[in-house]
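J.: pasted the sequence and its predicted model underneath.
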Amino acid sequence: MKINENYLKLQDSYLFSTIARKVASYTAAHPERTVIRLGIGDVTRPLCPAVVRALEEASREMGTPEGFHGYGPEQGYDFLREAVALYYSSHGVTLSADEIYISDGAKSDLGNILDLFDADNRVLIPDPVYPVYVDTNIMAGREIVFLDANASNGFLPMPDDAVQADLIYLCSPNNPTGAVYNHAQLKAWVDYALQTGAVILFDAAYECFVGDGLPHSIFEIEGARGCAIEFCSLSKTAGFTGTRCGYTVVPHELRCAGVSLGSLWLRRQTTKFNGVPYIVQRGAAAVFSPEGRREIEENLRYYRDNARIMADVLREMGVWFTGGAYSPYLWLRCPRGLSSWEYFDQLLEQANVVGTPGAGFGRNGEGYFRLTAFGERGATVEAMERIRKMG
Ligand code: PLP
């Protein structure tokens, strides 16, 4: 028996465990201090009433002979696929419901999609980055080329004709940097992918934070249907981090070597996945109802207001940062030339605030720091006041 030795090439996922260890040892030594966490990207607002009602009704339905649902379609119930298609149409994107595949979240699909592609493919991944893109490709033994995102390109790297890749990851609004591509920038990526025959894996997990005409979806860009797959999630949109529901869009036109990627994905999902619970899909559909949209908009406004409060303080302090305007993440340059971990330690010890060291997201993250706007208002205001005082 041989194991998949690629797993041995993975770096220990030490980022959040190191943070947890440092915070635990600090709080054990200083139990009287209140530590505020603006580090991990989980949400704090509860599910909205329309979703809770839908979950309750679906649970009751499941307890009746007529309303019971057993195995469902692996790719999701039509009522949810159609609701998602309608949501896309509000951004001017026409999708057919059968191009939308419902899943238990974007993380699973981002990993699972790689089943469709040969291990010999070369992958282009921006750095700094959501670590899942890197680790899932290491597990499969793929060659990774990193694309530098840094202050000189506003953390929005653009295509380089000298670099050849088969799969390209883009995430906008970005985790961890909060940077957002505009239409012209995404068009350049789509043109590059069409020219080179690459497939773009577009992570739109934070699309709900986009405003001012910036693209919510890669499919707002002409030509994207021939070169892109999009991943999205209700985790941040509607507080589904614990309830679990997302969706992936594979357009009918998308073909590689004459083979439809949608049909491969359907084959993969029907073989290895048994669908999202009916109850959860009913809850997810309620997110897209007029009432649900109104209610989640209130939660999103709450996080956006947090981000604005945080951005105002950083601006006042003269700290360079990206994000915050159309994303729940603020990505700041560590003051006084500190390294990411030095700033982490100072913030923890002097301000009792926890953030995420940028170095944990890749080489270009060194010297930067991520704060999230997903906290409670009072704690967020207090944390920023402490950061301001620390300077
Ligand atoms: N993509 C990005 C960029 C994320 O930051 C996250 C979660 O933090 C995900 C995907 C995962 O989303 P889900 O909860 O739907 O698995």
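T.: Looks like it came in fine.

J.: what parts of this structure come near the ligand?
T.: With CB under 6 Å from any ligand atom as the criterion, the chain meets the ligand at residues 41, 105-107, 130, 171, 175, 203, 205, 233, 235, 241, 246. Any C-beta I mention is one placed from the backbone N, CA and C, and that applies to glycine too.

J.: quick one: which of those is nearest E82?
T.: G246 (16.5 Å; CB to CB).

J.: next one, pLDDT for the closest one please.
T.: pLDDT, G246: 98.

J.: rewinding a little: from the residues of the chain next to the ligand, which land in helices?
T.: In helices, defined here by DSSP state H, the members of the residues of the chain next to the ligand are 106-107, 235.

J.: assign a three-state SS to P251, would you?
T.: Here P251 is recorded as coil under DSSP: H, G, I helix; E, B strand; the rest coil.

J.: my read: it touches E99, true?
T.: Yes - using CB atoms under 8 Å, P251 is in contact with E99, at 5.5 Å.

J.: shared neighbours of those two, anything?
T.: G262 (CB atoms under 8 Å, 6 or more residues apart in numbering).

J.: what residue of this structure is the furthest out?
T.: No residue in the chain sits farther from the centre than P65, which is 38.5 Å out by CA atoms, centre = their mean.

J.: following element in sequence after the helix or strand bottoming out on mean pLDDT in the chain, please.
T.: When the helices and strands of the chain are compared on mean pLDDT, DSSP states H and E, helix 14-29 comes out lowest with a mean of 91. Where DSSP states H and E defines the elements, the next helix or strand beyond helix 14-29 is strand 36-37.

J.: the helix or strand following that following strand - contacts with which helices or strands?
T.: Moving toward the C-terminus from strand 36-37, the next helix or strand (DSSP H and E) is helix 49-62. Applying 3 or more CB pairs under 8 Å, 6 or more residues apart in numbering; DSSP states H and E, one finds that helix 49-62 contacts helix 278-287, helix 290-317.

J.: okay if I get those helices as CSV plus mean pLDDT and mean neighbour count?
T.: As requested, those are arranged in CSV below (pLDDT from 0 to 100; neighbours: other CB atoms under 10 Å):
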stretch, mean pLDDT, mean neighbour count
helix 278-287, 98, 24
helix 290-317, 97, 17
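
J.: now distance to G213 too, for those, in JSON lines please.
T.: Shown next, in JSON lines, are these (distance: least, CB to CB, whole Å):
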{"stretch": "helix 278-287", "distance to G213": "23"}
{"stretch": "helix 290-317", "distance to G213": "16"}
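
J.: do you know which of these lies nearest G211?
T.: Across the helices and strands packed on helix 49-62 (criterion: CB to CB), the nearest stretch is helix 290-317, sitting at 8.4 Å.
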